[in-house]
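In: what follows is a predicted structure for the sequence shown.
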Amino acid sequence: MVQAKFWVMTKHFDGFPKNSDFELKVEELPEPKDGEVLLEAVFLSVDPYMRPFSRVSMKEGDVMIGTQVAKVIQSKNPAFPVGSHVVSDSGWRTHTLSDGTGLTPILPEWPKDVSLSLALGAIGMPGLTAVYGIEDVLGLKEGETLLVNAAAGAVGSVVGQIAKIKGCKVVGSAGSDAKVVFLKELGFDEVFNYKTVGSLEEALRKASPEGYDCFFENVGGSSSFIVLQQMKNFGRIAVCGSISTYNDSEPQTGPYPYVIMIIKELKMEGFLITRWQHKHPETLRRLLAWVKEVSYLVFMMLDDFL
Ligand SMILES: NC(=O)C1=CN([C@@H]2O[C@H](COP(=O)(O)OP(=O)(O)OC[C@H]3O[C@@H](n4cnc5c(N)ncnc54)[C@H](OP(=O)(O)O)[C@@H]3O)[C@@H](O)[C@H]2O)C=CC1
Ligand SMILES: O=C(O)CCC[C@H](O)\C=C/C=C/C=C/C(=O)C/C=C\CCCCCO
C-alpha cells in the first residue's frame with residue numbers, strides 16, 4: 001500500500017485564495033488492478049486557470065485541480081511501463097491510481113538534459129497556448145509588431161520568443177525590473193515595468209510609436225482599453241486570459257471598447273487551448289524542436305525563472 005497526500009479545496013475562493021481554503025489529506029492507495037498504474041508526482045503546476053475554473057469545475061471538498069508530471073512507479077497497463085513519465089491532470093496529489101485515462105506520455109524523443117518540468121511550461125499547456133494564440137488566432141506575420149502583457153509568465157515568455165523566431169518586433173510588459181532584464185535576455189525588442197512607468201500610454205507609444213499590429217492579451221482590466229487606443233487599423237487581439245480580474249469578488253466595469261474597435265476596425269477573439277486538442281502532439285514536437293534549436297540556456301533560464 002502507498003500513502004498518498006493531497007490538497008482539497010475546502011471552501012470556494014472569495015478574493016485571493018487563502019491557506020484556510022485548503023486542507024491536506026492522506027489516504028492509503030490499494031495495489032493497481034489490471035489496466036491500472038500507480039503514479040508518483042515529480043512536478044506540480046500552479047496555473048492561473050485554476051482560480052476561475054475552480055468556481056465552475058470544482059465543488060468544495062474536491063482535490064484541487066491541476067496538471068502534474070508523474071513517474072509510473074507500478075504498472076498493470078502495458079501502455080505505461082514502470083519508470084516512464086506522463087503528464088496527468090491528477091490535481092494536487094503526491095500519488096494517484098489511474099486506469100490510463102487522461103494520461104499523456106512524455107514525448108519519447110524528450111532529451112535527457114531538458115527538465116521534465118518544461119512539460120508543464122514551454123513544452124506543455126502554456127507553450128501550446130502561445131503557439132495557437134499566435135498562429136491560429138492572431139495569424140501573426142513576419143515584420144509585424146506584437147505586444148504581450150504578463151510577458152515574463154509561462155505563456156507570455158514563449159509568445160515573445162516565438163514571435164522573434166517569426167521575425168516580428170516584440171514589446172512586452174511585466175511587473176518587476178528583474179523580469180524586464182530577463183525578457184531583454186530572451187530577445188524582446190522593447191520591455192517595460194508597467195508598475196513603475198509614469199504612464200502606460202507613454203510607455204506603449206515610446207516602445208512602438210507606429211502602434212501595434214497584434215496584442216496577445218493575458219491580463220485584461222483597465223490597462224487593455226489603453227492598449228486598444230494604440231492598435232494599428234485592422235489590428236488583431238487574441239484574448240488569452242484576464243488574470244487581473246480572476247480574484248474579483250464583483251466584476252470590474254470599465255470603459256467600453258466598442259467605439260475604438262469600430263474606428264480602427266479591430267478584430268478581437270477569445271480562445272481556449274482545448275480548441276486545438278487534436279493538434280497537441282504535433283505542436284508539442286514543434287515546441288521541443290524550438291527548445292533544441294534555440295539556446296537551451298534561454299528556455300532553461302525560463303524554467304529556472306518560473
Ligand atoms: N486561453 C487559454 O487556453 C489559456 C489562457 N491562459 C491565460 O494566460 C495568462 C497567463 O498565464 P501564465 O503565463 O500561465 O501565467 P503565469 O502565472 O506564468 O504569470 C502570470 C503573471 O501575470 C501577471 N499578473 C498577475 N496579476 C496581474 C495584474 N493584476 N496586472 C498585471 N499583470 C498581472 C504577473 O506577472 P507580472 O509581474 O508581470 O505582474 C504574473 O506572474 C493567464 O491570464 C491565463 O489565464 C493560460 C493558459 C491557457
Ligand atoms: O480541470 C479543468 O476543468 C480545467 C482544465 C484546464 C486544462 O488544463 C486545459 C486548459 C486550460 C485553459 C486555461 C484557460 C485560461 O487560463 C483562461 C482563463 C479563464 C477562462 C475563464 C473561465 C470561466 C470560469 O468562470
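Out: Done, it's in. Ligands and ions are numbered 1, 2, ... in the order given.
In: quick check: the residue of this structure nearest ligand 1.
Out: Closest contact between the chain and ligand 1, by Cβ to the nearest ligand atom, is at Gly241 (2.0 Å). (C-beta placed from N, C-alpha, C; glycine too.)
In: how much space between that residue and Ser249?
Out: 19 Å (Cβ to Cβ, to the nearest Å).
In: what about these two, which has more around it?
Out: Set Gly241 next to Ser249 and count neighbours by other Cβ atoms under 10 Å: Gly241 wins out with 25 against 7.
In: that one: what secondary structure?
Out: coil (DSSP: H, G, I helix; E, B strand; the rest coil).
In: show me the contacts for it.
Out: 48-49, 150, 155, 217-220 (Cβ atoms under 8 Å, 6 or more residues apart in numbering).
In: between these, which is nearest Gly121?
Out: Val155 (9.3 Å; Cβ to Cβ).
In: element containing that closest one?
Out: Assessed by DSSP states H and E, Val155 sits inside helix 154-165.
In: that helix and ligand 2 in contact?
Out: No. Helix 154-165 does not reach ligand 2 (Cβ under 6 Å from any ligand atom); its nearest approach is 8.5 Å.
In: helices or strands up against that helix?
Out: Applying 3 or more Cβ pairs under 8 Å, 6 or more residues apart in numbering; DSSP states H and E, one finds that helix 154-165 makes contact with helix 125-132, strand 145-148, strand 169-174, helix 177-186, helix 280-293, helix 296-305.
In: wait, which of the contacts of Gly241 is closest to Gly235?
Out: Of these, the one sitting nearest to Gly235 (Cβ to Cβ) turns out to be Glu217, at 11.7 Å.
In: show me which residues of the stretch 101-250 of the chain sit near ligand 2.
Out: Close to ligand 2, as judged by Cβ under 6 Å from any ligand atom, the stretch 101-250 of the chain has residues 125, 241.
In: can you rerun that using 5 Å?
Out: Taking Cβ under 5 Å from any ligand atom as the criterion, the neighbours of ligand 2 within the stretch 101-250 of the chain are Gly241.
In: find the closest residue to ligand 2 in the stretch 101-250 of the chain.
Out: For the stretch 101-250 of the chain, Cβ to the nearest ligand atom, closest residue to ligand 2: Gly241, 4.7 Å.
In: per-residue confidence at that residue?
Out: pLDDT for Gly241: 98.
In: in the stretch 151-300 of the chain, where is pLDDT below threshold?
Out: Within the stretch 151-300 of the chain, the ranges that satisfy pLDDT under 70 run 295-300.
In: could you list the domains of this structure?
Out: 2-101, 125-273 (automatic domain parsing).
In: looking at those domains, which is buried most?
Out: Each of the domains of the chain was scored by mean neighbour count; the highest is domain 125-273, a mean of 19, by mean count of other Cβ atoms under 10 Å.
In: measure that one end to end?
Out: Taking Cα to Cα, to the nearest Å as the measure, domain 125-273 stretches 8 Å from start to finish.
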